[in-house]
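Undergrad: Coordinates for the following, if possible.
(4 chains)
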2 protein chains.
Amino acid sequence: MKKEVLIYGSVLGLLIIGLKFAEYRFLIHSHSFEIYAALIALLFTAVGIWAGSKFVKKKQVTVIKEVIVQAPSEFAVNENNLKHFNISKREHEVLTLMAQGLSNQEVADKLFVSLNTVKTHSSKLFEKLNVQRRTQAVQEAKKLGLVP
Amino acid sequence: MKKEVLIYGSVLGLLIIGLKFAEYRFLIHSHSFEIYAALIALLFTAVGIWAGSKFVKKKQVTVIKEVIVQAPSEFAVNENNLKHFNISKREHEVLTLMAQGLSNQEVADKLFVSLNTVKTHSSKLFEKLNVQRRTQAVQEAKKLGLVP
DNA sequence: ATCAAAATCATCCGAAAGGATGAGCTGAAA
DNA sequence: TTTCAGCTCATCCTTTCGGATGATTTTGAT
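TA: Have a look, this model is predicted:
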C-alpha cells in the first residue's frame, strides 16, 4: 500500500512539473489562462479518477452469501444419545428398521427373531424414548441422530 | 448510474466556474500562474479521487462463501409432487399431522372430524403414495417434500 | 464362578390401524 | 341443471401395535 502511494505521488509530481514546463515553453504566451486552468482541472480530474479507482479496487467488498450445501452425506450414529437413553445394540437395530417403515413382522424376519421379540424391543424403546407410537419413536430417533 | 454521471459532471462544472471566477477576482493579479495551476491540479486530483472511488464502489467484488446452513429453516411444500400424486388439500393436512406422530384419533380431534373420516383420508393417502403403513407414508412424504 | 444386563420368546388383552364398501352432502365446472 | 371431485361419516372385519408380565437363555464383566 505504501509503495502505491509513493508511486502515485511521484507520477502526479512529474505530471505537474511536466505540465508547468510545457506551459512555460509553448502555451502560456499564446493562450488565455482560463483555458489552461480548465485543461489542468480536467486532466487532473481524470488522473484523480484513475488513481481513486486504483486505490478502491484494493479494498474490495466481501459479500458473504450463504448457500445451502448438500445434507451431510454420511450419517453417523450419535453414540452419546444412544448411551444417554440406554438403548442396547439390538434395540437400536430394531429402531433403525422401524425407521425404514418396516412392520414389526418384517423387522422380525430381517433379524431372524420372533414377532414377540421385536414387540418386546419396541416396547422398551418406546419407554426409553418416552413416546407412545412408532411414528413418534421414528421422529424422535431422527431428531436425536439415532437413525439416518 | 447515468444520474451519478450527471451529478458528478455538474459538480465539476460548477467547481471550475467557481474557481475561475475566484481567480479573476482575487488571485490572478497577486500571485503567479504556476501556484494556481498546481492548486487547481491538486484540487481536481482530489475531486477525481473522490469521484473515482464513488464509481468503483458500485462494482464491488462479490465473494461467494459457501456455508453449511443448519436445516432449511422455512419449509416449502412441493406443490409439484402434490399435484403429481393427486393429493387433495384435506389429505395433505392429514398427512402433515400424521408426519408429526399423531394417531388417527388425534388427527381427527385436531381437524374436528370423525375418526372414520381420518381413516378414509389416510387410506386414500396410502394408495396414492403407494405405501402400506403410515410410517412409510411419512417417510415418502418427507422425501417428496410434502411435509417438513 | 457368579451376577446383571441383554436378548429371546410366550400369552393375554385392548387399542390402533388399515381395507373394503356404501352413502350423503357440497361447491365448482361443464 | 347435471356432473364430478372432494369431504364427510358409517359399518364390518382383519391385521398390527402396544402394554403387562413372566420365563429362559446368552453374554459380558467382576
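Undergrad: Contacts for stretch A:110-117 next, please.
TA: Applying Cβ atoms under 8 Å, 6 or more residues apart in numbering or on different chains, the contact partners of stretch A:110-117 are A:90, A:93-94, A:97, A:102, A:104-105, A:108, A:118. Every C-beta, even on glycine, is put in place using the N, C-alpha and C of the backbone.
Undergrad: My error: substitute stretch A:127-134 in the last question.
TA: For stretch A:127-134, contacts defined as Cβ under 8 Å, 6+ apart pick out A:85-87, A:91, A:98, A:122, A:126, A:136-137, A:139-141, B:101, B:103, B:135.
Undergrad: Could you work out the most separated pair of those residues?
TA: Farthest-apart pair in the contacts of stretch A:127-134 is A:N86 and B:S103; separation 26.1 Å (Cβ to Cβ).
Undergrad: that older thread, please check the contacts of stretch A:127-134 and keep the buried ones.
TA: Neighbour counting with 16 or more other Cβ atoms under 10 Å in any protein chain shown marks A:85, A:87, A:91, A:98, A:122, A:126, A:136-137, A:139-141, B:101, B:103, B:135 as buried within the contacts of stretch A:127-134.
Undergrad: With respect to DNA strand D, which of the contacts of stretch A:110-117 is nearest?
TA: Minimum distance to DNA strand D across the contacts of stretch A:110-117 is 3.3 Å, recorded for A:N104 (Cβ to the nearest atom of the strand).
Undergrad: Quick one: neighbours of that closest one, just the number.
TA: Neighbours of A:N104 under the rule other Cβ atoms under 10 Å in any protein chain shown: 18.
Undergrad: ok, so what distance separates it from A:R90?
TA: Per Cβ to Cβ, to the nearest Å, A:N104 is found 14 Å from A:R90.
Undergrad: Was I right to think A:H121 contacts A:E91?
TA: Yes - with contact defined as Cβ atoms under 8 Å, A:H121 reaches A:E91; the gap is 5.2 Å.
Undergrad: Flag the shaky bits of chain A, pLDDT-wise.
TA: By pLDDT under 70, the weakly predicted segments of chain A are A:1-73.
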